[in-house]
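**Student:** sequence first, predicted coordinates after that:
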Amino acid sequence: MGRVIESEELSRLMEESRSDGLKIVFTNGVFDILHAGHLDYLKKSKKLGDILIVGVNTDESAKAIKGPNQPFNSEDDRAALLAGLECVDYVALFSEGTPINMISSVRPDLLVKGADYSADEVVGKAVVESYGGKVKLIPFKEGFSTSSLIEKIKSGD
């Protein structure tokens, strides 16, 4: 199982991993209410390489994206839950609006996002491709989304 780590330490560890020939995969998101769709996505991401890093928006940056009523779970809780998944190797928080600084520092071989994005919309695509890395889009598991889960809870269905 993974561990929550500071960005600076993560960068150093990835340098070592890269020199050992390990393939580094990076993804990011808010991951507020974990569900089976997240798990499926993270397992598929892990299968693409040796090390899976998940960048997680801090509470402040999540509010900027999702609005003042989110996240429901704190950044520490969200990071701990993700780190507890067998498929996740490292979790690091980022406070900026995008993970571009973390991506630039980690230099993953593969940058993964959900297929609700187009490849050109993926933050960090140009950085990753500049040193020969790739961007991969993974389709979401049908019927699972945090937004629909929130609506279901609100409606009491």
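**Tutor:** Perfect, thanks for sending it.
**Student:** ramachandran coordinates for the residue nearest the centre of the chain?
**Tutor:** Computing the C-alpha centroid of the chain and ranking residues by C-alpha atoms, centre = their mean puts residue 28 first, at 2.2 Å. When read as degrees, to the nearest 10, the backbone of residue 28 gives phi -150, psi 160.
**Student:** so who does it touch?
**Tutor:** 54-57, 94, 99, 102 (C-beta atoms under 8 Å, 6 or more residues apart in numbering). Quick note: C-beta positions are derived from backbone N, CA and C, even for glycine.
**Student:** the protein: helices as residue ranges?
**Tutor:** Taking DSSP state H as the criterion, the chain carries its helices at 7-19, 36-46, 59-66, 75-83, 100-106, 125-130, 146-155.
**Student:** with mean pLDDT added, can I get those helices in a markdown table?
**Tutor:** Listed next are those as a markdown table, based on pLDDT from 0 to 100:
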| stretch | mean pLDDT |
| --- | --- |
| helix 7-19 | 93 |
| helix 36-46 | 95 |
| helix 59-66 | 94 |
| helix 75-83 | 97 |
| helix 100-106 | 96 |
| helix 125-130 | 97 |
| helix 146-155 | 70 |
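**Student:** so which of those gets nearest residue 114?
**Tutor:** Residue 114 sits nearest to helix 36-46 of all these, at 6.4 Å, using C-beta to C-beta.
**Student:** before we move on, back to that, neighbour-wise, which of the contacts of residue 28 leads?
**Tutor:** Neighbour tally across those (other C-beta atoms under 10 Å): the maximum, 29 neighbours, falls on residue 54.
**Student:** that one contacts residue 80, doesn't it?
**Tutor:** No: using C-beta atoms under 8 Å, residue 54 is not in contact with residue 80; the gap is 11.8 Å.
**Student:** just to revisit the earlier point, turn the contacts of residue 28 into JSON lines, columns for distance to residue 116.
**Tutor:** Output for those, formatted as JSON lines (distance: C-beta to C-beta, whole Å):
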{"residue": "54", "distance to residue 116": "17"}
{"residue": "55", "distance to residue 116": "17"}
{"residue": "56", "distance to residue 116": "18"}
{"residue": "57", "distance to residue 116": "16"}
{"residue": "94", "distance to residue 116": "20"}
{"residue": "99", "distance to residue 116": "17"}
{"residue": "102", "distance to residue 116": "21"}
